[in-house]
Each structure stands twice: as C-alpha cells, then as structure tokens.
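S.K.: Sharing a sequence plus its predicted fold:
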Amino acid sequence: MMRSTTSHRGSLYAVLGVAAILVVWELLSLVVNPAIMASPVDTARALADLAWGSKLWVELLITLKRLVIGLAIGAGAGLVLGVLAGMESRVRSFLEPLRWAGMTIPAVIIAVLAMFWFGLGDFTVIFIVALIVWPTMYVNTVSGIRSVDPRLVEMGRVYRFPRRLLLGEVYLPGIASPVLAGLTLSTGIAVRATVLAEVLGALSGIGHAFCRANSNLDAPQLFAWIVVLLALMAVIEFGVLRPLRRRIMRWRKGAG
Amino acid sequence: MITFQNVSKSFDSLKVFDDLSLHVATGEILGVVGPSGSGKTTMLKLITGIVIPDAGTVAVAEGAVGYVFQEPRLLPWRTALDNVAGPLRAQGNDKAGARAAAAGWLERVGLAGFEGYHPAELSGGMAQRVSVARAFAVEPRILLLDEPFSSVDTTLKSSLMDILESIIRERRTTVMYVTHDLGEARRLADRIVEIVPGCGVRRFQERVAGR
C-alpha cells in the first residue's frame, strides 16, 4: 500500500515536471523570435501534419531499423567481449587499447571517418552506432563479471558445474543488473549516435529530416522532430527496457 | 575414504599446514575443531580440489561430494527448487529429473511448499536447510560441513542438527565436520581432531568424541 502511494506520488511529480517544461517552453516562445523558437502549439501542429502524411512514420521506421541493428551489433559485441574479458585477464589486457580508443575518439570523428570509408547510407549509420555503443556495454559487462560473488562461483566449482552451467547459472544472472544498466546507457547513446550519423551520413531518417527542417528554417518541424525523438526514447525506456528489467530482476522482489 | 599424506599448504607467507597426515574412514564422522583462521576450511577445500597442496597428496574416494557452507550460498535468482536441482544437472541429470529429486529433498528438510520461493523470501534457517538439501541431493559419498550452524540461532541449530544427523546416520555418509564449537562437534562426530596453531605450523591433536 505504502509502495503504491509512493509510486503514485512519483508519477504525479513526473507529470508536474513535464507540465513545468511545457510552461517554460511556452513562455520562452513568447519572448524569443518564433523563427528560432517554435511554441508548443506550433510544434504540436507540425507534429500532427507529419503524422497525417506518411513522412513521420517512414522516417521513424528507417531510424528505428538502423538503431535496433546498430544497437544489437554494438551491445552484443560489447556483451560477448565483456564476458570473455571479465573471465580472462589476458583477453582484457588485449582489448584494453581498443576499449580506450573506442571511448576516447569523439563520436563525430567516428561518423566522419565512416562516411569517408563507406559513403552515405544504412551501413554507414549502423557501423557508426555499433562502434560508438560497444565500449559502454563492454565496460559494464567486464565490471559485472568481476563483481560476481566469488562465493557463488566457488559453490559452482565445488559442485562441479561444467563451464556452460557455471556461465548460465552463476555468471550471466550475476551480471544481469550491470548489463541492464549498460543496455539502458547504450540505448541512449545509440539514439544520439543514430541521429548524429543520419545528420552527417544519410539521406533519410529522423536525423536527415531534422537537418532538412533546419535548412528550411522550419522551426516548428525542427521542434516536432525533437519531440519524436523524445517519444521514441520514452517508448524504448518505459515500454521495453523497464519491463525487461522488472522481468529479469523479479527474483529481487523479496529482498530486504 | 579421505587421506591427507604429508600435506603442506601456504598462502603467501602464511603457512597453514606443514606435513599434515590424516585419514577419515568410510562412514566415519570426523569433527575438526580449531579457532577461526586455523585452516579448517582450507582442509575442506583441499578435499574438493579447489585448493591444491604445495606438497603431499590428498586422496579422496570416487563419488559425489556434498558441501554445506557456513552461509547458504544459494543463487539469489533461482528458486529453492532450482538451487537444489543445479548440482544434479551438473551431474548430467535432465531438468525434470533434477527438479523431481530436488523436490523430494526439500520435503525431507521440511520445506515442502517452499519450492518456488527465492532465497530473499526465505529466513536464514530455511535458506540453510535448502543448502543442506542441495548437499544431500547429489547422493554424496562424502559430506563436508563448514560451520553450517554458525549463522543460525540456537533453536534452529538444534533442529538443523537433528535433520543432518538423521540423514547422515541413515545413509552412512562419510563426513568431515568443521567447527570452532567443541560442543557441536561432540554431538555429531565419531572422532574429533583439534587444530592446534603454534609457531606458524598447524598440527593435530586427536580427541575421542564424548558420545
């Protein structure tokens, strides 16, 4: 009962937070030149126009496809390499320069380089997203593997768990929490990377549409695409990642 | 059943055992008492093979080994049933068979009806009973008990000891029971050896169990 009340109160404050943003936005649009700051109403109108035509859905699907493929490749690679590196220090040392380079080189440099190598298109965007995403997932997975309770690993060894069972029963569930945190971080990075890559290296997708609206000085549409991006992130976070986390971590329900 | 032959073991500069020889006969319940940090757990780890001696040999008869740790060491993301079934699957049993056997052992330790509970939903005593069920589920020829009652209260300790003792006597399992509590050892063991730390070298002193 108390938890439910707290949760409702949290939701109420979240709604109030959104309302505050809208109010500030509206006030700003009243004092700033409308050519560079669209009001919430104008943005909603532009959004409705995009949604009525097929443009919104076409661009959204293109971006979503690139995002999902890039994220799957990048996060998948980060997860697999992270497990190997977490369990074997030689692999970790071998991959350390790659991890360092991946986290140090700015995303925009990776995007420009990918365009230079592969030109414009789907492959370039997916390549950029995967390359930007993998180190985050890798780092979270390595730290997850290294923080698995050694007493549980010892229990598995005492009971002669074969490597596959040890991985499936002890290591992978043990790293679920940091991996899910890594996936949430990676998804946010992937959305930003996809849009960046589409701005620089694609002729379609939300990033490209955003760029065109900018070139046309169409402030309402520019803001409408930002709202679309926020909605996309909200759907991914609240519709996919949080339910996934609840499902995977349901064993914690009795903790404490 | 278990033979330590001139075993020496050090961790860095700390010498735990020097030229240790000890034999545990089939069906015998050996109590090992000694203060904390005296190397009792290391003896058990040498038997399981997860610690290797620096010199000498530890010979252990073929067959499964059950281990009850000081704390339950249950996988928090698995139910009580699957925690008991895990080692059975490691032995090559299929999932359904392992679960059926596990359910039987949970019933034996008084946890029928709690199969679907996760460790966080169980009390400390119940979790330790799951750990006992897990140890017996593998049909061990050797059972290693590493201060299994140290984290439970006196009433629970007594009921846990009753459960353990009845199963051990019924199955004539060979047991090495490590504890710092001589009273506990006297209750369960046929023979007691005491680790006497001294001059950085551990030697054994035998006592006859007071039972």
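M.R.: On my side now, so go ahead. Note that the structure is predicted; figures quoted are calculated from it, not measured. Numbering: from 1, shown residues only, chains lettered A, B, ... in the order given.
S.K.: any idea where the helices of the chain begin and end?
M.R.: Using chain A. Counting by DSSP state H, chain A has helices at residues A:2-31, A:40-52, A:55-87, A:89-104, A:107-118, A:122-146, A:150-158, A:163-165, A:172-174, A:176-201, A:206-215, A:219-234, A:242-248.
S.K.: Hmm, no, I was thinking of chain B.
M.R.: Read by DSSP H, chain B holds these helices, from start to end of the chain: B:40-48, B:80-90, B:95-108, B:124-137, B:154-171, B:182-188.
S.K.: you'd agree A:Glu154 is up against B:Ile50?
M.R.: Yes - assessed by C-beta atoms under 8 Å, A:Glu154 is found in contact with B:Ile50 at 6.5 Å. All C-beta spots, glycine's among them, are computed from the backbone N, C-alpha and C.
S.K.: okay, those two: which has more neighbours?
M.R.: When neighbours are counted by other C-beta atoms under 10 Å in any protein chain shown, A:Glu154 and B:Ile50 differ, and A:Glu154 comes out ahead with 17 against 13.
S.K.: can you list the domains in chain A?
M.R.: Chain A breaks down into these domains under automatic domain parsing: A:1-31, A:39-254.
S.K.: scratch that, chain B
M.R.: Described in terms of automatic domain parsing, the domain architecture of chain B consists of the residue ranges B:1-63+B:141-211, B:76-138.
S.K.: Which one, of the helices of chain B, ends up nearest to chain A?
M.R.: Proximity to chain A, assessed across the helices of chain B by C-beta to the nearest C-beta, is greatest for helix B:80-90 (3.8 Å).
S.K.: and the closest one, anywhere near chain A?
M.R.: Yes - with C-beta under 8 Å from any C-beta of the partner chain as the criterion, chain A is reached by helix B:80-90 at B:86-87, B:89-90.
S.K.: looking at the residues you listed, which has the most residues close by?
M.R.: Within the residues of helix B:80-90 next to chain A, neighbour counts (other C-beta under 10 Å) peak at B:Pro87, which reaches 27 neighbours.
S.K.: what's around A:Met137, how many residues?
M.R.: A count of neighbours around A:Met137, defined by other C-beta under 10 Å, yields 26.
S.K.: same question but for B:Asp12, I mixed them up
M.R.: Using other C-beta under 10 Å, B:Asp12 is surrounded by 5 other residues.
S.K.: does B:Thr3 really touch B:Ala25, like I thought?
M.R.: No - with contacts counted by C-beta under 8 Å, B:Thr3 stays clear of B:Ala25, the gap being 9.8 Å.
S.K.: what about the two, which has more around it?
M.R.: In this comparison of B:Thr3 against B:Ala25, neighbours counted by other C-beta under 10 Å, the higher total goes to B:Thr3 at 15 against 12.
S.K.: rewinding a little: where among the domains of chain A is average confidence lowest?
M.R.: When those are compared by mean pLDDT, domain A:1-31 comes last with a mean of 82.
S.K.: picking up where we left off before, can you say which of the domains of chain A is nearest to chain B?
M.R.: When the domains of chain A are ranked by proximity to chain B (C-beta to the nearest C-beta), domain A:39-254 comes first, at 3.4 Å.
S.K.: quick one: is that closest one near chain B?
M.R.: Yes - Domain A:39-254 is in contact with chain B by C-beta under 8 Å from any C-beta, via A:151-152, A:154-162, A:165, A:169-170, A:173-174, A:176, A:251-254.
S.K.: Which of those residues are buried, as a PyMOL select command?
M.R.: Restricted to the buried members of those, where burial is judged by 16 or more other C-beta atoms under 10 Å in any protein chain shown, the PyMOL selection command reads as follows:
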select buried, chain A and resi 152+154+155+156+158+159+160+161+165+169+170+173+174+251
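S.K.: one step back: out of the domains of chain B, which is the most enclosed?
M.R.: Ranked by mean neighbour count, the domains of chain B are led by domain B:76-138 with a mean of 20 (mean count of other C-beta atoms under 10 Å in any protein chain shown).
S.K.: got the residues of chain B near chain A?
M.R.: If contacts are counted using C-beta under 8 Å from any C-beta, the residues of chain B sitting beside chain A are B:48, B:50, B:65, B:67, B:69, B:71, B:73, B:75-78, B:86-87, B:89-91, B:117-118, B:120-121, B:134, B:138.
S.K.: Filter those down to the ones in strands?
M.R.: B:65, B:67 (DSSP state E).
S.K.: Nearest the geometric middle of chain A, what residue?
M.R.: Taking C-alpha atoms, centre = their mean, the centroid of chain A lies closest to A:Thr187, which sits 1.2 Å from it.
S.K.: My guess is it contacts A:Ala72. True?
M.R.: No - using C-beta under 8 Å, A:Thr187 is not in contact with A:Ala72; the gap is 10.9 Å.
S.K.: Residue 123: what's it in contact with?
M.R.: All of this refers to chain A. By C-beta atoms under 8 Å, 6 or more residues apart in numbering or on different chains, the contact set of A:Phe123 is empty.
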